[in-house]
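In: Sequence first, predicted model second:
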Protein chains: 2
Amino acid sequence: MKALILQAPKEAISCQETPQPIPTQGQVLVKIKAAAINHRDVYITQGLYPGVVTPIILGSDGTGEIVGLGEGVDSSWLKESVVLNPSIGWETATNVQPKTYEILGMPKNGCFAEYIAVDLKQVHKTPKHLSSEQAAALPLAGLTAYRALFSRAQLQKNERVLISGVGGGVALLACQLAIAAGADVYVTSGSEEKINQAIALGAKGGVNYKEENWHKALLKKANGGFDVIVDSAGGDGFKYFLDLANMGGRIVFYGGTRGSFKVNPQKVFWKQLSLLGSTMGNTKEFGQMLDFVDETQLIPVVDSTWTLEEGAAAFDHMDQGKQFGKIVFKIN
Amino acid sequence: MKALILQAPKEAISCQETPQPIPTQGQVLVKIKAAAINHRDVYITQGLYPGVVTPIILGSDGTGEIVGLGEGVDSSWLKESVVLNPSIGWETATNVQPKTYEILGMPKNGCFAEYIAVDLKQVHKTPKHLSSEQAAALPLAGLTAYRALFSRAQLQKNERVLISGVGGGVALLACQLAIAAGADVYVTSGSEEKINQAIALGAKGGVNYKEENWHKALLKKANGGFDVIVDSAGGDGFKYFLDLANMGGRIVFYGGTRGSFKVNPQKVFWKQLSLLGSTMGNTKEFGQMLDFVDETQLIPVVDSTWTLEEGAAAFDHMDQGKQFGKIVFKIN
């Protein structure tokens, strides 16, 4: 089969022939129809991840059809359209991941291939209203955004939400999930175009964080502060979130690309703020996310589709950061 | 009646004669038996609080006997032993204080007096196992500690708790409440003597934060990290809490005497940490705290007792920070 393979960190990935996997006991063989890139994949190729195992087929997000069954798997699963849960080993609904927790696509082979063999517990039925490309856009970003908004920040209907850097994969899905949940959503971005695209999806407004005093402009534009703020940057700009947060506000973050941030404790305790770290989620949260997408008929945004042969170019497109929505490989 | 009165910020308080208050509709007249000092009182005299109204009778913590009733108050309250809830105007069990929220003892006259007239809704029956001095040690610190541990950090039985600066009034009550809740409690202090006093109360151990690498010594001594950390200092030392926290840990703070602190977001999100600001609590939490003290027969620590005439000296004793437990005026 064809697969995008990373031979060693800091090398470019390339589309190569590799043996098709064979499902073992309790596994299913999925013929991948579409798979999406995450920053994680790019960081791994750039050698920014510790403990990278190579050669490896990358890819945490995939969807496809079950075409083969390992021993012990009920035959009713054959031909089922499924989306893969990229969280491996966090099956019980605990609030923290176990030590054995892994993410699909390193160290285990991932979805940038024509086939993948995975444990049955990793597959969930694909929401019927989604194309393969749309479904592939969902898993990692949707799970991370769902846990941040609902499990961690306990978002309530009609609350006011701020999503920073809405061009990011998780940020955009957080924006869509929060809108679908009935929240009033505002965004920041370094690109006016992305702000307008978020508004077209239902956001109430946004500001460009490259502008001086963006936080003041936002407070004015939004006519008040925010109950939930979702961030993955940290850094110097984080301090403004303490001012932008309403009393009882929850600031949740699943990344920190701009590094450490400073906190004035007086601003936090008097306002009863909560600063909440979050990651991808457990199996229960993955199912809840899919159910929510199904109920609200949410459609994740696909930026562009590529073939596996265009792998290196697709990774470059991701690295340039001009996309709005997920970059998806159309495979079978 | 006699009362400790602050004539203007940055002046010393002094014991003076002042008219006895008269309870208005819905109020009760309490003959104060004992009242405790909080850092808040000292900060107000030092001009460190914004918007101080003078002349003022300070004092947020008081207990006594109801000796007079305003119109509309049921006569069964007469002669009742009561403890005063220092939170004014936060009667509904919301997660944030309303804008009209006040603390007893400024701008409204407080407890360092022979009598006080307060709304009936501010008084709760005194736990029967406590002396007046012990009951006076409870309100502000007990309420703050209770909300931090239980409402905000959601402390569970058998969890591991770290209380920083256990010599503080709230910190010591947090230590006692957590021990009473069945937690394994460790403490820090700048004083070996206070660490030993906390151990005598049931803490498992502690370290002196003035020692270099105290956080490493603590991890070793405690044989692992902590699920809940309670702090009111912030500052440079806060960063160690991110290392000391267990997966899913909650770091709750109700003050920041050492100023801003820096947060490495990677340490927070991967460990699913929560950094939670907290203050005093609402009326429901005050009642829950008293019930908890009653059920567990907890006895707050009284450092020393003073007369109202010794007011300025008692304030100095507080400011020197050598006390362990509350500094209490014995009044009637």
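Out: Yep, it's here.
In: what's residue A:259 in contact with, if anything?
Out: With contact taken as CB atoms under 8 Å, 6 or more residues apart in numbering or on different chains, residue A:259 is in contact with A:234, A:235, B:264, B:265. Using the backbone N, CA and C atoms, a C-beta is placed for each residue, glycine as well.
In: Now the terminal residues of stretch A:8-21, how far apart.
Out: 21 Å (CA to CA, to the nearest Å).
In: In that stretch, which residues are buried?
Out: With burial defined by 16 or more other CB atoms under 10 Å in any protein chain shown, the residues of stretch A:8-21 counted as buried are A:9, A:13, A:15, A:16, A:18, A:21.
In: What is the nearest of those to chain B?
Out: For these, the minimum distance to chain B (CB to the nearest CB) is 19.5 Å, reached by residue A:9.
In: Give me the three-state assignment for the closest residue to the closest one other than its chain neighbours.
Out: Nearest residue to residue A:9, sequence neighbours excluded (CB to CB, 6 or more residues apart in numbering or on different chains): residue A:47, at 3.7 Å. On the three-state scheme (DSSP: H, G, I helix; E, B strand; the rest coil), residue A:47 is labelled coil.
In: wait, residue A:47 sits on residue A:54?
Out: No - under the criterion of CB atoms under 8 Å, residue A:47 is not in contact with residue A:54, lying 10.5 Å apart.
In: joint contacts of those two?
Out: Here residue A:47 and residue A:54 have residue A:9 as joint contacts, going by CB under 8 Å, 6+ apart.
In: Over to the closest residue to residue A:311 other than its chain neighbours: give its phi and psi.
Out: Distances taken as CB to CB, 6+ apart place residue A:4 nearest to residue A:311, at 4.3 Å, with adjacent residues excluded. In terms of degrees, to the nearest 10, the main-chain angles of residue A:4 are phi -90, psi 120.
In: Can you flag which of the contacts of residue A:259 belong to helices?
Out: Counted as lying in helices by DSSP state H, out of the contacts of residue A:259, are residue B:265.
In: Return the closest of the contacts of residue A:259 with respect to residue A:82.
Out: Taking CB to CB as the measure, residue B:265 is the one of the contacts of residue A:259 closest to residue A:82, at 33.4 Å.
In: I'd say residue A:159 and residue A:229 touch.
Out: No - assessed by CB under 8 Å, residue A:159 is found out of contact with residue A:229, at 10.9 Å.
In: which ones are touching whichever residue of the stretch 51-200 of chain A sits closest to chain B?
Out: Going by CB to the nearest CB, chain B is nearest to residue A:96 of the stretch 51-200 of chain A, at 4.1 Å. Residue A:96 makes contact with B:247, B:248, B:271, B:272, according to CB under 8 Å, 6+ apart.
In: need the residues of chain A near chain B, please.
Out: Chain A has residues A:95-97, A:152, A:234, A:247-248, A:253-256, A:259-266, A:268-279 near chain B, with proximity defined as CB under 8 Å from any CB of the partner chain.
In: Of these, just the buried ones, ChimeraX syntax please.
Out: Here is the ChimeraX command that selects only those of the residues of chain A next to chain B that count as buried (16+ other CB under 10 Å):
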select /A:96,97,152,234,247,248,253,254,255,256,260,261,263,265,268,269,271,272,273,274,275,276,277,278,279
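In: Before I go, just wanted to say thanks for your time.
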